[in-house]
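A.B. asks: mind looking at a prediction? Sequence and model below.
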Amino acid sequence: MQAQATPTQTQMQPLYAAWQRRDLGTVVSLGNILLARFPEAAALLNLLGAAQASLGRHAEAADLLDRAARLSPNSPETQGNYGNLLLQMGRHQEALDCFLKALALRPTLAELHFNAGVAFAALEQTEQAVRAYRHALNLKPQLAQAAARLAALLQGRGELAEAIEHYKAALVQQADPLTWFNLATAQRNAGLMLDSIASYRQAIALRPDYAEAHSNLGEALRDHGDIDAAIACYQSALAAVPDLPQAHYSLGVLLYDLGRLEQAIPHFEASRHDDWHDRVLYCLYKSGQLDEFRRQLDIRVTAPPHDAPLLATLSAHHAANYHIEDRYTFCPNPLDFVVHGHLDELNADAPLRQSLLQEITRAAIVERDQGRLHFGVQSSGNLFRRPEDAFRQLGELIKAELRKYRQQFSDAPYSLITRFPDELDISSSWYVKMRKGGHLDSHIHEGGWVSGVVYLAIPEGDPSPGAGNIEFSTNGDNYPVQHDDWPKKVLDVKVGDYAFFPSSLFHRTIPFDSQEERICIAFDLKPGPNAST
């Protein structure tokens, strides 16, 4: 009589019952007994392996599921289970191979497409991951995880409008704080500030101790001009996670902007985030703590690369102020790197200019007050990441001019050019509308590399010298000064003009007294991880 090769349904039934009630210990104990009698029973190996995986015993599970997959190569369930385990173990390519085998056998199973998408994404094969998630959603529109992960990939590619819709679709199926958080971030990047604030609050309502959501809500409220509420959010974030870097940094920036420099320093030091040390140096310099400023500046100057615009401003101002050498080589002569040009596409009667002015008037863009801006408003979010074609067209025109800017100064031996970002990521862009009396105080763009502005409307008829023009200088922002010998450059700007300049250079708008509006769009090119060497 031939030996029984696999356990009968009756023999397997207690294991299935234990699995259904999630009694994994019983599955393992009974399964091992049967496995001694039936070592090549694929269904038993698959169930026992799934139980071991659920218990976190990955090595045991991998052995069992590998054997099951070899014995049953045409079982999509077995291939899928083994793939899931390999995914958990970080063996992404092997996991993907299993999912693709399973999909060849059962191409209509949405979960298999989803799992393949996770593996593709882990392998940084973004386009394949996007396609896999789309397949999963076509087969099963209510698969919330697929919608959320697809949204995250689209958000990473800058396709914010579609990302937002997929986040919302995921939330219809499952109210998840992380998805609300990601939706809020996408909305903020798209300039939908009020929507972003509401979504962060939804994330917090589901998870009150969500420190990152409190911190990001604080940033959104700060951008919206609600300073007291922003401070309260940062404090809530730090109450939940006392050493959260982003919350310390953001609170430091807010205090820094409010001129509360002594209070800002400990938050920057606690954060160790982004340009925290440069901002500590700023606080030290402006509050007159020169000995400590010089000690820390010397440490930074002797540690290249010299690629921090704020530090470049501080080093250059200190050197000129005390008539010593500036040893920080980001851009020692920034006035020489101011470029004044013109875009015919923005002439007074040009369609693009008209479209931009219309979008600025009618688009649902949240405006905010800005401490240095007088008699005017500034938009929130990043205009060039909004869905309107006019903003996107302008962004592409500016990128083309930035490439010419880099080429114009290609022989310059300074970090501004030698480490110029390869990828032109215009990290921030905003419009500024000023009315009579409008002006912008002297400042730099700490988080930029090259900054710029294009002019859509310029007030006419003001006889005051330079009214409404942009002025550059190596001194500004009420830095402490020892003399008055600071060079300046004023650009006489017209409609359609643009100006590019190092982000480390002080600039301001000269006040005007005309009844007409002054409208411009400003932007920062931010350094990325692939800067040239």
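C.D. replies: Now that the structure is in, tell me what you want to look at.
A.B. asks: what's the domain layout of the chain?
C.D. replies: 9-178, 336-525 (automatic domain parsing).
A.B. asks: let me have those domains in a markdown table, adding mean pLDDT and mean neighbour count as columns.
C.D. replies: Using the backbone N, CA and C atoms, a C-beta is placed for each residue, glycine as well. Formatted as a markdown table, the domains of the chain follow (pLDDT from 0 to 100; neighbours: other Cβ atoms under 10 Å):
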| stretch | mean pLDDT | mean neighbour count |
| --- | --- | --- |
| domain 9-178 | 91 | 19 |
| domain 336-525 | 92 | 18 |
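A.B. asks: between these, which gets nearest to residue 260?
C.D. replies: domain 336-525 (12.4 Å; Cβ to Cβ).
A.B. asks: can you give me how far that closest one is from the chain middle?
C.D. replies: 22 Å (Cα atoms, centre = their mean, to the nearest Å).
A.B. asks: quick check: end-to-end length of it?
C.D. replies: 18 Å (Cα to Cα, to the nearest Å).
A.B. asks: and residue 511, what helix or strand is that in?
C.D. replies: Counting by DSSP states H and E, residue 511 is held by no secondary-structure element, helix or strand.
A.B. asks: returning to what we had before: of the domains of the chain, which is nearest residue 232?
C.D. replies: Of all these, domain 336-525 comes closest under Cβ to Cβ, at 17.8 Å.
A.B. asks: where along the stretch 201-350 of the chain do the strands fall?
C.D. replies: 339-342 (DSSP state E, counting those that start in this stretch).
A.B. asks: show me the shaky parts of it.
C.D. replies: Across the stretch 201-350 of the chain, nothing is flagged by pLDDT under 70.
A.B. asks: so which residues of it form helices?
C.D. replies: Under the criterion DSSP state H, counting those that start in this stretch, the stretch 201-350 of the chain contains helices at 211-223, 227-240, 245-257, 261-271, 276-286, 290-301, 309-321.
A.B. asks: centre of the chain to the last one, how far?
C.D. replies: Put simply, helix 309-321 sits 28 Å off its chain's centre (Cα atoms, centre = their mean).
A.B. asks: who touches it?
C.D. replies: 275, 278-279, 281-282, 285, 293-294, 297, 300-301, 306, 324-328, 330-332, 334, 444-449, 474-475, 479-483, 486, 502-506 (Cβ atoms under 8 Å, 6 or more residues apart in numbering).
A.B. asks: please, where are all the helices along the stretch 351-500 of the chain?
C.D. replies: Using DSSP H, counting those that start in this stretch, helices in the stretch 351-500 of the chain cover 351-362, 389-408, 415-418.
A.B. asks: put together JSON lines for those helices, with distance to residue 59 on each row.
C.D. replies: Shown next, in JSON lines, are those (distance: least, Cβ to Cβ, whole Å):
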{"stretch": "helix 351-362", "distance to residue 59": "58"}
{"stretch": "helix 389-408", "distance to residue 59": "51"}
{"stretch": "helix 415-418", "distance to residue 59": "50"}
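A.B. asks: go through those and name the closest to residue 187.
C.D. replies: helix 389-408 (16.2 Å).
A.B. asks: and residue 138, how close does it get to residue 95?
C.D. replies: 22 Å (Cβ to Cβ, to the nearest Å).
A.B. asks: right, and the helices of the stretch 351-500 of the chain - which one's nearest residue 244?
C.D. replies: Short answer: helix 415-418, nearest of these by Cβ to Cβ, at 31.3 Å.
A.B. asks: now do residue 227: how many residues are near it, please.
C.D. replies: Residue 227: 16 surrounding residues under other Cβ atoms under 10 Å.
A.B. asks: tell me who's in contact with it.
C.D. replies: Residue 227 touches 221, 254, 258, counting by Cβ under 8 Å, 6+ apart.
A.B. asks: any idea how far it is from residue 279?
C.D. replies: From residue 227 to residue 279 the distance is 18 Å (Cβ to Cβ).
A.B. asks: surely residue 237 meets residue 209?
C.D. replies: No. Residue 237 is beyond contact range of residue 209, at 9.6 Å (criterion: Cβ atoms under 8 Å).
A.B. asks: who has more neighbours, those two?
C.D. replies: residue 237 (26 against 12).
A.B. asks: check contacts around that one.
C.D. replies: 211-212, 214-215, 218, 244, 246-247.
A.B. asks: pick the one among those closest to residue 426.
C.D. replies: residue 246 (22.4 Å).
A.B. asks: for the closest one, which non-adjacent residue is closest in space?
C.D. replies: Spatial nearest neighbour of residue 246, excluding adjacent residues (Cβ to Cβ, 6 or more residues apart in numbering): residue 215 at 5.1 Å.
A.B. asks: and the one you found, how many neighbours does it have?
C.D. replies: Residues near residue 215, counting by other Cβ under 10 Å: 26.
A.B. asks: was I right to think it contacts residue 252?
C.D. replies: No. Contact between residue 215 and residue 252 fails when scored by Cβ under 8 Å: they sit 12.0 Å apart.
A.B. asks: now do the helix or strand containing residue 135: which elements does it pack against?
C.D. replies: According to DSSP H and E, residue 135 maps onto helix 126-139. The contact analysis (3 or more Cβ pairs under 8 Å, 6 or more residues apart in numbering; DSSP states H and E) places helix 126-139 against helix 110-122, helix 144-156.
A.B. asks: what's that helix in contact with?
C.D. replies: 108-111, 113-114, 116-118, 120-121, 143, 146-147, 149-150, 153-154, 156-157.
A.B. asks: mind doing that once more with 7 Å?
C.D. replies: Identification of contacts with helix 126-139 by Cβ atoms under 7 Å, 6 or more residues apart in numbering yields 108, 110, 113-114, 116-117, 120-121, 143, 146-147, 149-150, 153.
A.B. asks: helix/strand/coil for residue 68?
C.D. replies: helix (DSSP: H, G, I helix; E, B strand; the rest coil).
A.B. asks: so it touches residue 44, yeah?
C.D. replies: No. The pair residue 68 and residue 44 fails to qualify as a contact (Cβ atoms under 7 Å) at a distance of 8.3 Å.
A.B. asks: turn the domains of the chain into JSON lines, including distance to residue 267.
C.D. replies: As requested, the domains of the chain are exported to JSON lines (distance: least, Cβ to Cβ, whole Å):
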{"stretch": "domain 9-178", "distance to residue 267": "26"}
{"stretch": "domain 336-525", "distance to residue 267": "16"}
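A.B. asks: mind listing what residue 157 touches?
C.D. replies: Taking Cβ under 7 Å, 6+ apart as the test, residue 157 contacts no residue whatsoever.
A.B. asks: which phi and psi values does it adopt?
C.D. replies: Backbone torsions of residue 157, given as degrees, to the nearest 10, read phi -90, psi 0.
A.B. asks: and it, how far is that from residue 163?
C.D. replies: From residue 157 over to residue 163 (counting by Cβ to Cβ), the distance is 8 Å.
A.B. asks: residue 124 now?
C.D. replies: Distance, residue 124 to residue 163, using Cβ to Cβ: 18 Å.
A.B. asks: and residue 225, by the same measure?
C.D. replies: 26 Å.
A.B. asks: now the contacts of residue 227: which count as buried?
C.D. replies: Buried members of the contacts of residue 227, counted by 16 or more other Cβ atoms under 10 Å: 221, 254.
A.B. asks: and which of the contacts of residue 227 is nearest residue 515?
C.D. replies: residue 258 (32.5 Å).
A.B. asks: partners of the longest strand along the chain, with directions?
C.D. replies: If you go by DSSP state E, the chain has its longest strand at strand 426-443. Within its sheet, and counting by DSSP bridges, strand 426-443 is paired with strand 373-379 (antiparallel), strand 506-509 (antiparallel), strand 518-525 (antiparallel).
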